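[1] Kindly generate the corresponding structure for this input.
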Amino acid sequence: MKLVILDRDGVINQDRDDFVKNTLEWIPLDKSLEAVANLTQSGWHVVVATNQSGIGRGLFDVHALNAMHEKMHRLVNQAGGRIDAVFICPHTANDKCGCRKPMPGMVQDIAERFNVRLEGLPMIGDSLRDLEAIAAVGGQPILVRTGKGEKTLAAGNLPAGTLVFDNLFEAATHLIAG
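    Residues are numbered from 1 along each chain as shown. Take a look at the predicted model:
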């Protein structure tokens, strides 16, 4: 099974310093929906893994998060794609949980649920914590320059073997090409 894990904010949709808190603030990035559709149509399974500490901080609730994800699924479907699952961590950094990226818990849960090997499993993100979560289990970290990506790239210290692309569309095109 070909499976790719995507971070959400800054990869699929616009990120905000004050958190994406509702469906009006959930705005897809240019060509991101098309990228997911291309992956789906090329036989890839797409899973989203997203830290959502806005829940733990009380900035929005699970109903608002579900509404954002319903919008994401609807728009991806309209573009001809599919997101197979969305995994979230609702905790804040202070909670010290194992599912909050950069910890690898969410990635391990996805691999177990979909019965895929962690080694070489690609994950596309815009922050160092996305890259660290997948690198910790032997996966393939992929950085996009959208969202916090440019800042992440400028800061350096990327995990060994990190691939870098301008956006999700280019990263998806690379994966599809094999």
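[2] Now Thr92, what are its backbone angles?
    Per-residue torsions, Thr92: phi -90, psi 170 (degrees, to the nearest 10).
[3] Surely it is in contact with Gly58?
    No. Using Cβ atoms under 8 Å as the test, Thr92 is too far from Gly58 to be in contact (10.0 Å). Heads up, the C-betas are built off the backbone N, CA and C, glycines and all.
[4] So for the two, which residue has more residues nearby?
    Thr92 (16 against 8; other Cβ atoms under 10 Å).
[5] for the more buried one, what are its contacts?
    Thr92 makes contact with Ser53, Gly56, Arg57, according to Cβ atoms under 8 Å, 6 or more residues apart in numbering.
[6] Make JSON lines out of these and add neighbour count.
    Output for these, formatted as JSON lines (neighbours: other Cβ atoms under 10 Å):
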{"residue": "Ser53", "neighbour count": "17"}
{"residue": "Gly56", "neighbour count": "17"}
{"residue": "Arg57", "neighbour count": "12"}
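[7] quick one, what contacts Val76?
    Leu33, Val36, Ala37, Arg82, Ile83.
[8] Restricting the selection to alpha carbons, write the helix or strand hosting it to PDB.
    Using DSSP states H and E, Val76 sits within helix 62-78. C-alpha atoms of helix 62-78 as PDB (Å, rounded to 0.1, in the frame of the first residue of the first chain):
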ATOM      1  CA  VAL A  62     -14.200  19.400  18.800                       C
ATOM      2  CA  HIS A  63     -17.400  20.500  16.900                       C
ATOM      3  CA  ALA A  64     -15.500  23.400  15.300                       C
ATOM      4  CA  LEU A  65     -12.600  21.000  14.400                       C
ATOM      5  CA  ASN A  66     -15.000  18.500  12.900                       C
ATOM      6  CA  ALA A  67     -16.600  21.200  10.800                       C
ATOM      7  CA  MET A  68     -13.200  22.300   9.500                       C
ATOM      8  CA  HIS A  69     -12.400  18.600   8.600                       C
ATOM      9  CA  GLU A  70     -15.800  18.200   6.900                       C
ATOM     10  CA  LYS A  71     -15.000  21.200   4.800                       C
ATOM     11  CA  MET A  72     -11.500  19.800   4.000                       C
ATOM     12  CA  HIS A  73     -13.000  16.400   3.000                       C
ATOM     13  CA  ARG A  74     -15.700  18.000   0.900                       C
ATOM     14  CA  LEU A  75     -13.300  20.200  -1.000                       C
ATOM     15  CA  VAL A  76     -10.800  17.400  -1.600                       C
ATOM     16  CA  ASN A  77     -13.700  15.200  -2.800                       C
ATOM     17  CA  GLN A  78     -14.900  17.900  -5.200                       C
END
